[in-house]
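> Here's a sequence, model it:
(chains A and B)
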Amino acid sequence: MIRALGIVLLCLVFAWEASSQLQVTGQASAGFVKANDGESQYAFNDGNGTFVWRLDLFSDAVVTDDITFLSNFRMLQDQIPHVDLLAIRASDIAETGISLQAGQIDIPFGNLGEGRFPKENPFFGLPLMNEHITSLCESDYKVWTLNPEYQIAGNGVRLLDQGLYDLGVKVYGSIGIFDYSVAVINGMISTTGTYSPNGLDSHNGIGKVLRLAVTPTTGLTFGVSYAMGPYMKDESETIDLSGETPDTSAFFGKSPDNYMQSIVGGDISFSLGHFSFDGEVINSSWQYLNNIDLKAFGYSVAAQYAFTPRISGALRAGGISFNSVNGLKELNQFFQHVIYNGKWDHDVFRLEGAVSYKFNPAMLLKIGYQINRTYDLPRDPVDNALFAQTVISF
Amino acid sequence: MKHRYLNCRFFAGIFFLALSTASAQGKGGEIKGKITVSRDDDLTGSIIRGRSLHRYETGGAKSDKPLDPPYALPEKAVIYIEAVGGNYDPPAAHPALDQRDMVFRPLVLPILVGTTVDFPNSDPLFHNVFSLSQAREFDLGRYPKGEKKSVLFNKPGIVSVYCEIHSYMFATILVLENPFFTVPDDDGNFTIAGIPTGTYQLNFWYGRKKAETRTVTVTEHQTTTENFSY
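Got it, this is the predicted structure:
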């Protein structure tokens, strides 16, 4: 059904494009990924080497000089359509220098920018802190640290929810060397609208996001981002999982709206000549039961250098460390209540290297390797991965 | 004001006209004509829309502003002749392909083979000019506003120029084997003088592509009129 809707949507988009001011551009990529088959969430496709593909369509319209419509449509090999961005943009409103986006917007947090897309991203995936799935399970908001099934495979929320899109409104602009963005969104940084099946706000309360950046000289930008808001769904207050487990949701009978995620981040982007560097650090805190705060610190640094007009190389390192908690009431794999003391997820580290070759300005080939480390386990899962991906833009 | 981006280009054009006139004093013929444009080329529209729709920009980017002034005809059109024999010295002056208001200006730049082109950055953010064309492959990297880099074009051909950061930015450099080329004025009028007598291919380039090619015969002391429409 979803696939059929996606195809219908695609047809509509192209039909519209043919007869209106809508402009469709995009990127398409095809690749091959082979990971080691260790017990890990990073063991892509359980370690089975597989071909993959991805399509990004940008369907946009310039309505007037100041009003534009922007949309990003994404589909992977699972053929499930994702509408990431669907926003109306009003630029320089009343010549105040203030612009606005409303709809499904890109959340102004961090400096991921166009690195969301395969052509601009020299690697196969996003930074580790946009991908790692923590042990804080969003279906019932339990922390599944003790259950190996969840512990290894990952079944929880991310620190930064992948591409960071959500329904909301964003006001932004520039004053001299300063850029600012203020946004209110349905979800939160870790649990964006993608966690809400019907697209509507899944709880009382909104997420508030603020970003400030300064560009003291061309090519050097420092940014700070902050976001706060409820991260759980209202249903976690009433959900009864007794049919599956001897317990209900961790937040059964409580108001999840009183439990906030707050997250602060800093980033730097530097480029000069043929070299570019991007770095980002974040510190996230999820308020949890019994006055426990689940915290995580994540970082990502990436450098890229163009050796020739056609050949570039890139390196990226990223890691996440989690805090220790005391007195966490939890279920083990036998669904027995235990009190857990210790880190609520395993620290992780990833190092990636990639080389890309431009066949022409619209087509490139990337080949890279990813080394993953998970700490505090009896044995670090063997989950390194090799990828090759070709991307065209149109 | 309207021609602020075209100064270097006009100087180059004047130089070549002077050169051709001097080299064919009292001999050769000329081609005159007028270009009439009744529709915009797809490329220009695509660039302007792409510029408006660029995402995720910070640092004082002004890509969501209308292009002011819009591309003028002399920035988009070139008339040139192929297969004229002889050797011609390239100019000492460097024509410029500017990066301003998030586009390249002009959209098409004709030069004589052996010419060095300057690529100034007039925007308060980085661009990264590059080309993978057979006639000239280069990557200038990123440099700030007020600086420029230069590239020598010593092989004739069509050079497609892009920006690594802003994928909608595009321009063409026509590296030509002889100086018998020109750009029209704002009204579309053009003249190429001092052309040696003979029969040639006269080309009309508009936007991203060669719009039309005609066979023309140039006669001593005669003016041949060729009008083009698009």
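
> would A:Ala94 count as being in a strand?
No. Remark: A:Ala94 does not belong to a strand; assigned using DSSP: H, G, I helix; E, B strand; the rest coil, it is helix.

> State the number of residues packed around it.
The number of residues packed around A:Ala94, counting by other Cβ atoms under 10 Å in any protein chain shown, is 8. C-beta here means a position set from N, CA and C on the backbone, and glycine is covered the same way.

> Can you check the pLDDT for it?
Here the pLDDT value assigned to A:Ala94 is 85.

> how near is it to chain B?
Noted for A:Ala94: a distance of 15 Å to chain B, by Cβ to the nearest Cβ, to the nearest Å.

> and if you look at A:Ile392?
12 Å.

> where does the chain dip in pLDDT?
The chain I'm using is chain A. Scanning chain A for pLDDT under 70 picks out the ranges A:1-21, A:146-154, A:195, A:197, A:238-249, A:331-333.

> wrong one, chain B
Applying pLDDT under 70 to chain B flags the ranges B:1-26, B:40-46, B:48-66.

> residue ranges for the helices of it, please.
Per DSSP state H, chain B carries helices over the ranges B:7-23, B:42-52, B:73-76.

> buried stuff in the last one?
Of the residues in helix B:73-76, those buried under the neighbour-count criterion (16 or more other Cβ atoms under 10 Å in any protein chain shown) are B:73-76.

> Mind jotting down where the helices sit in the stretch 201-350 of chain A?
Assigned by DSSP state H, counting those that start in this stretch, the stretch 201-350 of chain A shows helices spanning A:235-238.

> Close to chain B: what parts of it are there?
Applying Cβ under 8 Å from any Cβ of the partner chain, we find that the stretch 201-350 of chain A lies next to chain B at A:213, A:215, A:217-219, A:221, A:223, A:271-274, A:276, A:306, A:308-310.

> At the geometric centre of the chain, which residue do we find?
Picked chain A for this. Centroid-nearest residue in chain A, with Cα atoms, centre = their mean: A:Gln162, separated by 1.2 Å.

> between the residues of the stretch 201-350 of chain A next to chain B, which is nearest A:Asp179?
A:Ala213 (4.4 Å; Cβ to Cβ).

> Take the residues of the stretch 201-350 of chain A next to chain B and keep only those in strands.
A:213, A:215, A:217, A:221, A:223, A:271-272, A:276, A:306 (DSSP state E).

> If you rank the residues you listed by neighbours, which is first?
Most neighbours among those, by other Cβ under 10 Å: A:Ser276, with 24 neighbours.

> so how far is A:Gly115 from the spatially closest residue to that residue that is not a sequence neighbour?
Counting by Cβ to Cβ, 6 or more residues apart in numbering or on different chains, A:Gln304 is the residue found nearest to A:Ser276 once chain neighbours are left out, at 4.9 Å. Between A:Gln304 and A:Gly115 the distance is 10 Å, computed by Cβ to Cβ, to the nearest Å.

> and the residue nearest to the centre of chain A, what does it touch?
Contacts for A:Gln162 (Cβ atoms under 8 Å, 6 or more residues apart in numbering or on different chains) come out as A:126, A:130-131, A:194.

> One more pass at 6 Å, please.
A:Asn130 (Cβ atoms under 6 Å, 6 or more residues apart in numbering or on different chains).

> Provide the secondary structure category for it.
Taking three-state DSSP as the rule, one finds A:Gln162 in the coil state.

> mind listing what the residue nearest the centre of chain B touches?
With distances taken as Cα atoms, centre = their mean, B:Leu109 lies nearest the centre of chain B, 1.6 Å away. Contacts for B:Leu109 (Cβ under 6 Å, 6+ apart) come out as B:97, B:173.

> switch the cut-off to 10 Å
By Cβ atoms under 10 Å, 6 or more residues apart in numbering or on different chains, the contact set of B:Leu109 is B:8-9, B:12, B:75, B:78, B:95-98, B:115, B:117, B:153, B:159, B:161, B:171-175, B:183.
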